[in-house]
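Asks: Here's a sequence, model it:
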Amino acid sequence: MTWPGKIVYVQLVVLFVLSTTIYVYLYSSITMQTFAIGEVMKGTINDIIKWRNEMGDWAQKSTKFVINTSFPDNMQNVDKPILERSISELYNNNESGKKLQINILPQRTLQKIGERSKCIECTPKVLLTLFTSWPTKAEKYTCHNNTLRNWAQLKPHIQPVLFTQETLLAEEATEKGWAVLPVRKAGRGVPILKYMYKDAMERYNSTFYAFSNGDILYSQSLIETLQTVLKSSQIPKGKPMMIIGRRTNVPDVTSAEAVSGDKVQKTAKVRGKIFTVWAEDYFITSANYPWKDIPEVVIGRRAYDNWLVSNARKQKHVTIDATDTLVALHQTTKAGNQEGFKADNPEYNHNLLRRMYRHLHYAAGLTSCADYYTRYRDNKRIQILKRTAPKVCSPF
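Replies: Numbers count the residues shown, from 1 in each chain. As a prediction, the model looks like this:
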């Protein structure tokens, strides 16, 4: 009776020893593997830190530049380039004769977009930084070429800026005295307005900043009107300001009619027709205008213009209708006077604003709703007067 008991006891001892041996083996193996993995991870982290430092040094030494040939929807994490060599210089050095691909790498770190960098204080202050953007279209070559020449003639009071990703267009603008900046952020391939303002305000030092449609020509009346606004005692000081106005439509403007500001003024008077109070083609704002708070509307599509003016009035900013003293000649081509309604995604801005706001009353943003307006006195001097807005301008 005792022999079977001893067998069971021996079996249990053997099983215990075997289990202990397996446990010790597995524990040792896992411990060694963990230690090895830890050492590998330490080496990897050290390599990453080393590569990061080497890449930072390489980027700072780099002198290459970048201009993409399309408008990506999101470039907000890309460092802002500084174009210190002209695009035309780089283009002329292209020995292959092929379409030039210019690569942009950040040369130095600027402050966050929307804040004024130190370098802006080193640049001469101008009256207005005037910027625009357009895609290359054969049927609008004469129109856009007229704009390039016309805006360049407004210097030194006005600094013209073109936002584009197209290398050849950037080169042409540079040759005509314009500054060129890349499009930082777009919606459905179209530049977003607020980022154009923020980038222009960071890069250039001026009293006013303005987006204008690329088919608008100006005369000396633009400079004279802005100078009057600055001197006016009628307008509250220190408040954000927006100046808008109606355009004058002129069909098939020739190069001869756009050769100078005087010609533009005469052409608008002789052949032009003032357009509706619903259309606003330029937005001149003061340097303290809060563009950071504006929704991400895009240019060239309907609804954003009236909303901008309505919002400015709602926020108690100063709004001025400069129609009677500021000539804005619209070069009407075959596309007509309602291009924003015919473009791709014409409802882009309206749909965006409708998702953000419960009620939209676009009529509150007509040019005739502005708090002030400009006009000529009998002696041809410009004056600014307070306006009583019509009933259609309320509520916001």
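Asks: Outside of stretch 388-396 itself, list whatever touches it.
Replies: Stretch 388-396 has contacts (CB atoms under 8 Å, 6 or more residues apart in numbering) with Ser310, Asn311, Arg313, Lys314, His361, Ala363, Ala364, Leu366, Ser368, Cys369, Ala370, Asp371. For the C-beta atoms, the positions are set from N, CA and C on the backbone; glycine is no exception.
Asks: Put the buried members of these into a PyMOL selection.
Replies: Only the buried entries of the contacts of stretch 388-396 go into this PyMOL selection, using 16 or more other CB atoms under 10 Å:
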select buried, resi 310+311+313+361+363+364+366+368+369+370+371
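Asks: Pick the one among the contacts of stretch 388-396 closest to Lys155.
Replies: Nearest to Lys155, judged by CB to CB, of the contacts of stretch 388-396 is Ala370 at 28.0 Å.
Asks: domains of this protein?
Replies: 1-61, 111-393 (automatic domain parsing).
Asks: For the ones you listed, give me JSON lines that also has mean pLDDT.
Replies: Compiled in JSON lines, these are given as follows (pLDDT from 0 to 100):
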{"stretch": "domain 1-61", "mean pLDDT": "55"}
{"stretch": "domain 111-393", "mean pLDDT": "92"}
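Asks: Show the contacting residues for the nearest residue to Ser212 once chain neighbours are set aside.
Replies: Among residues not flanking Ser212 along the chain, Tyr282 sits closest, at 4.0 Å (CB to CB, 6 or more residues apart in numbering). Contact analysis of Tyr282 by CB under 8 Å, 6+ apart lists Ala210, Phe211, Ser212, Asn213, Ile216, Ile244, Gly245, Ala328.
Asks: still on that earlier bit, okay if I get the contacts of stretch 388-396 as a markdown table plus distance to Ala200 and secondary structure?
Replies: Formatted as a markdown table, the contacts of stretch 388-396 follow (distance: CB to CB, whole Å; DSSP: H, G, I helix; E, B strand; the rest coil):
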| residue | distance to Ala200 | secondary structure |
| --- | --- | --- |
| Ser310 | 23 | helix |
| Asn311 | 20 | helix |
| Arg313 | 24 | helix |
| Lys314 | 24 | helix |
| His361 | 29 | coil |
| Ala363 | 29 | helix |
| Ala364 | 27 | helix |
| Leu366 | 26 | coil |
| Ser368 | 28 | helix |
| Cys369 | 26 | helix |
| Ala370 | 23 | coil |
| Asp371 | 25 | coil |
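Asks: Can you tell me which of the contacts of stretch 388-396 is nearest Leu181?
Replies: Distance ranking of the contacts of stretch 388-396 against Leu181, using CB to CB, places Asn311 first at 25.1 Å.
Asks: Tell me which residues touch the closest one, please.
Replies: Contacts for Asn311 (CB under 8 Å, 6+ apart) come out as Ile294, Gly365, Phe396.
Asks: picking up where we left off before, which of the contacts of Tyr282 has the largest number of neighbours?
Replies: Among the contacts of Tyr282, Ile244 has the most neighbours (other CB atoms under 10 Å), with 29 neighbours.
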